[in-house]
Structure formats: structure tokens, C-alpha cells
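Student: I would like to see how this sequence folds:
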Amino acid sequence: MSEFAFSLEAQHGAARAGRFTTPHGVVETPAFMAVGTLATVKSLDPDDLHAMGAQMILSNAYHLHLRPGDELIRDFGGLHRFMQWDGPILTDSGGFQVFSLEGLRTVSEEGVEFRSHIDGSTHVFTPESVMRIERNLGADVIMQFDHVIPGQSEESVARDASERSLRWLVRASAEVERLTREEPPRDNSQALFPIVQGGIHASLRREAARAIRAQGDWAGYGIGGLSVGEAKPEMYRILEVVDSELPSDRPRYLMGVGFPEDLVEGVLRGVDLFDCVAPTRMGRNGAAFTNDGRLNIKRAEFRTDKRPLDERCDCTACRRFSRAYIRHLFTSDEILGLRLLSLHNVHFLVHLMRDARAAIRAGTIDAWSREWLARYHSRPVTAA
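Tutor: Numbering: from 1, shown residues only. Predicted structure coming up:
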């Protein structure tokens, strides 16, 4: 019997509130997954994540393969034990990272040969080798190795990448079956998510989604190749195309998207799971998400500001500290400033999705999202 299940609790338009069951617990959707690229959500303890209500996190196969090595993590009992996070984990395949190594990688039908960004050593990722890496890491959900292209790529380029991703999915699935047969997982089973590619071309997205559905009965679906340079309206348009092509009884994961307004727009278009490094990366650079828009805490206007980052937020940073104090930490290069903003930003997105879920269940998602987006866009964005 599968350890994975997805049930819808409420739906309004395309927006869905569901429960995604995994071997390490239930994820109430829609949900934001904090990113622990190197087996840590930067500056945050797993206890911080539990305290703010985070239910599922993401790690990265590319980075953990290079450092400290997926076999070392396997010998520690897998990623859950290695990093002391007992909730569900998803590992990305490293496709985005490998294809970002322009000038350091060679793509062929077999896979991608690349040089490490750390020490220049040569590595080869294939659909099969990535499945073995993700098996060693032991996450609940593992992503296929896919061919990632820039968001504005022309149709011929997008078709080539999408069709290669489909062929690689066949090989990845066969390798998972072989591993399951010959080397059964020691602890939890894993669910392989395919990735719908196709750039900003609706016909390619439809073809990819239909081809993936024809290949198997998947526990969930990834939507890749968005938020990689295309305009936001293009991303929203493609999400509407994909929504109508994917089965309603499986979770949809929009990969690498984490700005607050994009999460709300994604929920309205049927997305259940999100991830992004933005909340911690921006926090380390002094930017904070608030319900009134994004602010740059380093600006002089906050030097004597006694208010919290966001008066509607109940995170540790907002309950205890003023904008003036956090600005002082940043201008003094104190490490606590980076931690407080990272904590606040991750908490903000986790709770934004909690609020969206409540609005879907209450049947008020249209009014809630309209009001939230109007308020969020009311503040001019200032550079971090």
C-alpha cells in the first residue's frame, strides 16, 4: 500500500485546500517549503521551522552530492537523521543548478557532464545517477532530472528540452523500479515526481503534461521552467494551461517560485506546493516581506522606527524587536540581523499559505486574494 496520498478538502475555482500524506507526515496545502540547499535552511534551526508551523522542506541533490556527498549522508541514515528534521523532505534533482553552469557543462542525450563550482572536478549527471543520489539522500519526494532552459526560449529550443525531459523521465522511472527491486529503501518509500516543461509555449506544456500522464500514475507533479526570466503574466498564463491538464487528485508543485504575490497568484491557479531560496537570501541582504509590501531594513527611514517589521506578523522577530533594532544589527554587521530577517521571511510565506488555505476552506479566497494583493502592491518596492 502506498505511503503517499492526496485528498482535497475544499476547492474554489482552481484554488485547492488539500492534505498530502507522506511517510514523514501530512502536509496541509497550499504550502511553502523552506529551502535547505545544503541540509540547512540558512541560519535557522529545525526547531525554528517546527515552531513557525513549517511542515515540509526542500534540499538539493546537486549541492549535497558535491558536499558533503550523498553516500556520506546515506551512511548517517539519510537526510532526515543527518540534519535532524523529522518532517517530510523533497529533494530537487539538481537540473536547475547543472544547467546554470554555462561554460562549465556539456549536454548530451546521455546526461550532463559538468565541472564543480567548488573545486572544478568533473561529474556526470544522468537520469539514472540522479535517482541513485536521491535514493542515498532518502527524501520522501524525489524529482526527476530534467532539461532546464531560460524562460524566454523560442519554441524549438523549448520543444527539444521538453522532449528530452520526457525521455529522461522514462529512464529515471526505470531506475527507481530497479532500485526498489534490487535495493529496497531501508526506511521510507519515495515518490518520484515528474516535471512538466515546455517554456512559455502552451501547446508544449499541454503535450508534456499529457505525455507524462500517459507514462504512469504519479503521486504528484512538478511544474518546472518558470520564474526563470519570463514575464510574470506569462508564468500565470502557463499555470492556467497546466492546471487544466493535470489530474485534480494529485498535488502540483511549482518549482523555485517564492515571492509572496506569486504564491497567491499560483494558489488561484491550482498550485499546491512552492519553494524558493528568496526568503532567506533576501533576508541576508536586508529585505523583509510584509503585508504592505517589501521593505529594505537598511534604509535610513527605519533608524528610529519603533514598530515591528510587520504589525500583523507574530513571528519571533516581530513580537520582540523593533525595525530600529534590526536595522542597527544590519548596519553593524551583527549576524543576528541576518537570522531575524530570514526567520521572519520564511515565517511570512508559511503563514501566507496557511491564510490562503483558510480562505479556500471558508469560500472567501477570491475576496481575500484581491484584498491581499491590493495591499501588498500598495508599497513601492525598494532595493535590498
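Student: ok, how many other residues are close to Lys298?
Tutor: Residues lying near Lys298 (other C-beta atoms under 10 Å) number 17. Heads up, the C-betas are built off the backbone N, CA and C, glycines and all.
Student: Arg303 too?
Tutor: For Arg303, the number of neighbouring residues by other C-beta under 10 Å comes to 11.
Student: Just want the phi and psi numbers for it.
Tutor: When read as degrees, to the nearest 10, the backbone of Arg303 gives phi -60, psi -30.
Student: Could I get the contacting residues of it?
Tutor: 324, 327 (C-beta atoms under 8 Å, 6 or more residues apart in numbering).
Student: Would you mind measuring from it to Met52?
Tutor: Counting by C-beta to C-beta, to the nearest Å, the gap from Arg303 to Met52 is 28 Å.
Student: What of His24?
Tutor: Using C-beta to C-beta, His24 is found at 18 Å from Met52.
Student: what do you get for Phe348?
Tutor: 9 Å.
Student: what sits in contact with each of these two?
Tutor: Cys315.
Student: So those two - more neighbours on which side?
Tutor: More crowded of Phe348 and Met52, by other C-beta under 10 Å: Phe348, with 24 against 21.
Student: Quick check: which helices or strands does the helix or strand of the chain with the lowest mean pLDDT pack against?
Tutor: Every helix and strand of the chain was ranked by mean pLDDT, DSSP states H and E. The lowest is helix 95-99, at a mean of 89. Contacts defined by 3 or more C-beta pairs under 8 Å, 6 or more residues apart in numbering; DSSP states H and E place helix 95-99 against helix 61-66, strand 105-107, strand 112-115.
Student: Could you give me the buried positions within that helix?
Tutor: Residues of helix 95-99 classed as buried: 95-99 (neighbour count, 16 or more other C-beta atoms under 10 Å).
Student: what separates it from the chain centre, distance-wise?
Tutor: In terms of C-alpha atoms, centre = their mean, to the nearest Å, the centre of helix 95-99 is set 14 Å apart from its chain centre.
Student: okay, that helix in PDB with CA atoms only?
Tutor: C-alpha atoms of helix 95-99 as PDB (Å, rounded to 0.1, in the frame of the first residue of the first chain):
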ATOM      1  CA  GLY A  95      18.700  20.100 -13.000                       C
ATOM      2  CA  PHE A  96      18.400  23.800 -12.500                       C
ATOM      3  CA  GLN A  97      21.900  24.100 -10.900                       C
ATOM      4  CA  VAL A  98      23.600  22.000 -13.600                       C
ATOM      5  CA  PHE A  99      22.100  23.800 -16.500                       C
END
